[in-house]
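Engineer: here is a sequence with its predicted model. Questions after.
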Amino acid sequence: MRPQQPPQPQSQVGPTSKQGFRSRRRPDLTLPLPLRDPALAVPLPLPPTSLPSSSSSSSSSSNSNSNSNSASATSSSEETSNHRNRNALCFHYSQLERANRIGSGTGGTVYRVIHKPTGRVFALKVIYGNHDDSVRRQICTEIEILRDVDNPNVVKCHDMFDHNGEIQVLLEYMDRGSLEGVHIANERQLSDLARQILAGLAYLHRRHIVHRDIKPSNLLLNARNQVKIADFGVSRILAQTMDPCNSSVGTIAYMSPERINTDLNDGQYNAYAGDIWSFGVSILEFYMGRFPFAVSRQGDWASLMCAICMSQPPEAPATASREFRDFISCCLQREPRGRWTASQLLRHPFIVQHNVQVNNQVNQNLHQLLPPPRPLNSQ
């Protein structure tokens, strides 16, 4: 005798099909489409055409946050757009043609190169040395950070190549070269030059980047009279977990006393104040037309150390204006705490008064170009 099958529960949804099976969904059951307000819609960022391997993690993280609010979506869109713009500026090493050598030093050689597809001119710095993996990673990390630096008074770092074991950095080309050996006795011109350098330094210091080798040969000029800080071969990204920048790199002639002699200032070194000292020495050298200490800049290490660490800081000549003498004094204080920051120096009277004069001259020229005002109608 066949076992009796248990009765099947009768579904209350939908009719019975020809095969005797109940339909699992009513054919007339539809879901309404969500209503969208176009004014509140945020466009989704388009993916970049080619993502480097380093950006895969950031791309996946941005996808995981797709349900965030409109403000964060807008921020993500801007970051993706900036990243896409950066990718558009990436260059292949094979596309660069070396034209001529434009400089060399202890850290490397700089060439003028031409980007063949576009004809744009760049500077290519080849860093000397066979670096071990840890040093190479540190250099690459710092250059990657410097690729994000964007300021009109800082030389732009476009890309980096690791070619045949050599680290090569593609930089903005400054067609009028460095300020090495330049004599600027005109205080108004010197004020404008100092203002541009300070603007670049203030920008870098706000991003916790120190240069550690500010000197005339690392200050470059272009045809538009823009002064830009260059050569970050010895720059260092400051962080709370890193050591306080006490390694002996850079040019001793422009080093601060506490950096040369670690017994000064209780062995503490403030890298930001060190950049200000180097800046002050460079500005005073421009004004005087010579190295401002009593020894030669190319002198031996012992003579330079004694002049910088044991004598009084150099001062501007008595023939200079009171504002310029005070400006130099604010930079060349023996105690690092006594030196003004780059942001403070931008508000110094030596910088402000000449900047106001330039603005007044521009306004006066503009006023002369405007038509005279119409006379008021008499009542």
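Structural biologist: Structure's in. What do you need?
Engineer: residues near Ser343, how many?
Structural biologist: Neighbour count for Ser343, taken as other CB atoms under 10 Å: 14. Where you see a C-beta, it was placed from the backbone N, CA and C, and this is true even at glycine.
Engineer: for it, give its distance to Leu219.
Structural biologist: 19 Å (CB to CB, to the nearest Å).
Engineer: can you check Asp159 too?
Structural biologist: Note on Asp159: its distance to Leu219, by CB to CB, is 23 Å.
Engineer: those two: which is more packed in?
Structural biologist: Leu219 (27 against 19).
Engineer: how about the more buried one: what's its closest non-neighbour residue?
Structural biologist: Leaving aside its chain neighbours, Leu219 sits nearest to Leu179 (4.6 Å; criterion: CB to CB, 6 or more residues apart in numbering).
Engineer: hang on, that neighbour packs against Ile283?
Structural biologist: No - Leu179 sits out of contact with Ile283 when judged by CB atoms under 8 Å, with a separation of 10.3 Å.
Engineer: residues contacting stretch 113-127, please?
Structural biologist: Residues outside stretch 113-127 that contact it (CB atoms under 8 Å, 6 or more residues apart in numbering): 91, 95-99, 102, 107-112, 139, 158, 166-175, 231, 233.
Engineer: looking at those residues, which are in helices?
Structural biologist: Members of the contacts of stretch 113-127 lying in helices (criterion: DSSP state H): Ile139.
Engineer: which ones are touching Cys140?
Structural biologist: By CB under 8 Å, 6+ apart, the residues touching Cys140 are 160, 162, 167.
Engineer: can you confirm Gln196 is in a helix?
Structural biologist: Yes - with DSSP: H, G, I helix; E, B strand; the rest coil as the criterion, Gln196 is located in a helix.
Engineer: next one: it, what pLDDT does it get?
Structural biologist: With respect to pLDDT, Gln196 has a value of 97.
Engineer: swap in Arg322?
Structural biologist: Listed pLDDT for Arg322 reads 97.
Engineer: ok, it - how many residues close by?
Structural biologist: 10.
Engineer: partners of the helix or strand where Phe122 lies in the sheet?
Structural biologist: Per DSSP states H and E: Phe122 is located in strand 120-127. Using DSSP bridges, the strands paired with strand 120-127 in its sheet are strand 108-115 (antiparallel), strand 166-172 (antiparallel).
Engineer: which of these has the lowest mean pLDDT?
Structural biologist: When those are compared by mean pLDDT, strand 166-172 comes last with a mean of 86.
Engineer: dump the strands paired with strand 120-127 into TSV; add mean neighbour count as well.
Structural biologist: As requested, these are arranged in TSV below (neighbours: other CB atoms under 10 Å):
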stretch	mean neighbour count
strand 108-115	18
strand 166-172	20
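Engineer: would you format the ones you listed as TSV with distance to Ser311 included?
Structural biologist: Below are the strands paired with strand 120-127 laid out as TSV (distance: least, CB to CB, whole Å):
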stretch	distance to Ser311
strand 108-115	33
strand 166-172	37
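Engineer: closest to Arg334 out of these?
Structural biologist: Each of those has some distance to Arg334 by CB to CB; the shortest is strand 108-115, at 33.3 Å.
Engineer: which residues are in contact with Ser343?
Structural biologist: 202, 205 are the contacts of Ser343 under CB under 8 Å, 6+ apart.
Engineer: check Met288 too.
Structural biologist: 183, 317.
Engineer: which pLDDT value belongs to it?
Structural biologist: 97.
Engineer: and if you look at Pro52?
Structural biologist: Pro52 is given a pLDDT of 39.
Engineer: what do you get for the one 10 residues further on?
Structural biologist: The confidence metric pLDDT takes the value 41 at Ser62.
Engineer: ditto for the one 4 residues further on
Structural biologist: The pLDDT attached to Ser66 in the predicted structure is 43.
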